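In: need a 3D model of the following:
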Amino acid sequence: MTTSRTPPAALPTRLPSLTGLRFLAALLVVCYHLSRQVGALPVLSPLAWYGRSGVTFFFVLSGFVLAWTYADAPVPARRFYRRRLARIWPLHALTTGASLAVYAALGAAVPVTAALWSLPLLHPWGRATVMGGNPAGWSLGDEAWFYLLFPLLLRLRPGPRAAALCCACGPLLWLAGSAVADPALRGWLLDYLPLSRTPQFLLGAALALAVRRGRLPVLPPLPAALAVAAFHLALVPWHHAVPDAAWYGPYSASQLLSAPLFAALITATAQADLRRPAGPLARRPWTLLGDWSFAWYLVHEITFRPWLHRYGHPAPGLPTATAWLLLATASLALAAALHHLVEHPLERRLRDRPAPTRLIRPRTAPDLAAAPPRRTPGP
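Out: Numbers count the residues shown, from 1 in each chain. The predicted model follows:
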């Protein structure tokens, strides 16, 4: 069995193919919302009907990227928290305000209380506030919880056994859903509550550390990608056989059972970057789209609302396809502008101050501790 054993000092601080992969996950989420909110397209919509699983991908990727970035160049917890808030909070606050403005302009109820809870990123902890002011931003509350845990996690340095345990947590949580009769309560507990999503973040972190130590076999990317595609293909007949409200339905399953498959894909892609840094997903068009994906994730649904309010649902066929193309292109263009004009400039300004004395002592090559990690786009 072949394993990856690159010396820690020779490992790159950034894995660009993972940035390209982020765009594909964001595209899956966008197609999910287009299918359910705008209108369904043949072939594509059945495959993307449970594309909210892309959020599971983001959680696993977040753990992997953070562990990869900070494993051998740790920083004080306070500095880490500031970096992560600089990464997600400015755009979160801006898109929350934009979402509230759109609600008000369309005459819809404005979720002020939930929006206020979302500003300190606490909204997923309450069933009534989980959607915050911008529904897509619920996942950032989960991410904030993961960030809070990360400095402790880095000290514990989980390995393959911890990853295997995290893989088992998804099916166990899904089966535990049978004990909750209320579908709405079950959905919040399993799909939104940060505690239920924590194993996905831990899985990514444990695998990143295992790859750095050369403790994993080399995974080929193509079979991992085919496994992800096959899982989503299997959800099509499952959807027709079982309603989403049932505990054994495909909705929660798509989010809780997909984590190991996404983890294998992320691991295989990272290992491919180590062997061949100039892979297809590492090229500039893909990494640029990946850079825009965080803003696209936060803003795409906001752009759908005014269009639907003005034009309603398009007729099936070519009108629906045209609406998809227009809305996806417009929201992606808006995301690109937000990334270059707001997200990236504010992150650079807020991210770092003069570094204090390090509080976390690295366990590997001491020369790596003196060099702060390069910016790696997070989820």
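
In: would you tell me what helix or strand the residue most central in space within the chain is located in?
Out: Taking C-alpha atoms, centre = their mean, the centroid of the chain lies closest to F58, which sits 1.8 Å from it. Taking DSSP states H and E as the criterion, F58 maps to helix 53-70.

In: can you name every helix or strand that that helix contacts?
Out: The helices and strands touching helix 53-70, judged by 3 or more C-beta pairs under 8 Å, 6 or more residues apart in numbering; DSSP states H and E, are helix 16-33, helix 138-156, helix 194-213, helix 250-256, helix 259-275. (Glycine included, C-beta is placed from N, CA and C.)

In: the third one vs helix 138-156, what angle?
Out: Helix 194-213 and helix 138-156 are oriented at 50 degrees to each other (axes from the mean of the first three to the mean of the last three C-alpha atoms, to 10 degrees).

In: which positions in helix 194-213 come out as buried?
Out: The neighbour-count check on helix 194-213 (16 or more other C-beta atoms under 10 Å) flags 194, 196-213 as buried.

In: alpha carbons only: can I get stretch 196-203 in PDB?
Out: Extracted in PDB, the C-alpha atoms of stretch 196-203 (Å, rounded to 0.1, in the frame of the first residue of the first chain):
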ATOM      1  CA  SER A 196     -24.100  17.700  14.900                       C
ATOM      2  CA  ARG A 197     -21.800  19.200  12.200                       C
ATOM      3  CA  THR A 198     -18.700  19.200  14.400                       C
ATOM      4  CA  PRO A 199     -17.600  15.600  13.300                       C
ATOM      5  CA  GLN A 200     -17.400  16.800   9.700                       C
ATOM      6  CA  PHE A 201     -15.000  19.600  10.600                       C
ATOM      7  CA  LEU A 202     -12.900  17.200  12.800                       C
ATOM      8  CA  LEU A 203     -12.800  14.700  10.000                       C
END
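
In: C-terminal to the helix holding F58, what's the next element?
Out: helix 77-105.

In: after that following helix, next one along is what?
Out: helix 112-118.

In: which of the residues in that following helix are buried?
Out: Here helix 112-118 shows 114-115, 117-118 as buried, counting by 16+ other C-beta under 10 Å.

In: how about stretch 76-95?
Out: For stretch 76-95, a neighbour-count test (16+ other C-beta under 10 Å) marks 77, 79-95 as buried.

In: re earlier: got the buried residues of helix 112-118 as a markdown table, with pLDDT columns?
Out: Listed next are the buried residues of helix 112-118 as a markdown table, based on pLDDT from 0 to 100:
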| residue | pLDDT |
| --- | --- |
| A114 | 97 |
| A115 | 97 |
| W117 | 98 |
| S118 | 97 |
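
In: farthest pair in these?
Out: The distance between the two most remote of those (C-beta to C-beta) is 7.3 Å, for A115 and W117.

In: list the residues that contact both of the two?
Out: Residues touching both A115 and W117 by C-beta atoms under 8 Å, 6 or more residues apart in numbering: G132.

In: for V65, state which of the buried residues of helix 112-118 is nearest.
Out: S118 (23.4 Å).

In: identify the residues contacting T95.
Out: By C-beta under 8 Å, 6+ apart, T95 lies in contact with 134, 136-137, 295, 298-299, 302, 338.

In: 7 Å instead, please
Out: 134, 137, 298-299, 302 (C-beta atoms under 7 Å, 6 or more residues apart in numbering).

In: swap in P160?
Out: With C-beta under 7 Å, 6+ apart, P160 has these contacts: 210, 215-216.

In: same check, this time on A270
Out: 15, 18, 64, 211 are the contacts of A270 under C-beta under 7 Å, 6+ apart.

In: okay, now the first one: neighbour count?
Out: As a burial measure, L15 scores 28 neighbours (other C-beta atoms under 10 Å).

In: could you report the distance from it to V30?
Out: L15 sits 23 Å away from V30, going by C-beta to C-beta, to the nearest Å.

In: ok, now the second one?
Out: Look at L18 and V30: by C-beta to C-beta, they are 19 Å apart.

In: of these two, which one has the most company?
Out: More crowded of L18 and V30, by other C-beta under 10 Å: V30, with 25 against 22.

In: how about the more buried one, nearest residue that isn't a chain neighbour?
Out: Spatial nearest neighbour of V30, excluding adjacent residues (C-beta to C-beta, 6 or more residues apart in numbering): H300 at 5.1 Å.

In: and the pLDDT for that neighbour?
Out: We have a pLDDT of 98 for H300.

In: am I right that it is in a helix?
Out: Yes: H300 forms part of a helix when assessed by DSSP: H, G, I helix; E, B strand; the rest coil.

In: looking at the helices and strands packed on helix 53-70, spot the one closest to R186.
Out: Comparing those by their distance to R186 (C-beta to C-beta), the top pick is helix 250-256, with 7.4 Å.

In: rounded mean pLDDT for the closest one, please.
Out: Per-residue pLDDT over helix 250-256 has a mean of 96.

In: and for stretch 171-190?
Out: For stretch 171-190, mean pLDDT rounds to 97.

In: any buried residues in that stretch, and which?
Out: In stretch 171-190, the ones that count as buried by 16+ other C-beta under 10 Å are 173-174, 177, 183, 186-190.

In: just put those in CSV and tack on distance to P280 and secondary structure.
Out: Output for the buried residues of stretch 171-190, formatted as CSV (distance: C-beta to C-beta, whole Å; DSSP: H, G, I helix; E, B strand; the rest coil):
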residue, distance to P280, secondary structure
L173, 35, helix
W174, 34, helix
G177, 38, helix
P183, 41, helix
R186, 40, helix
G187, 37, helix
W188, 39, helix
L189, 39, helix
L190, 35, helix
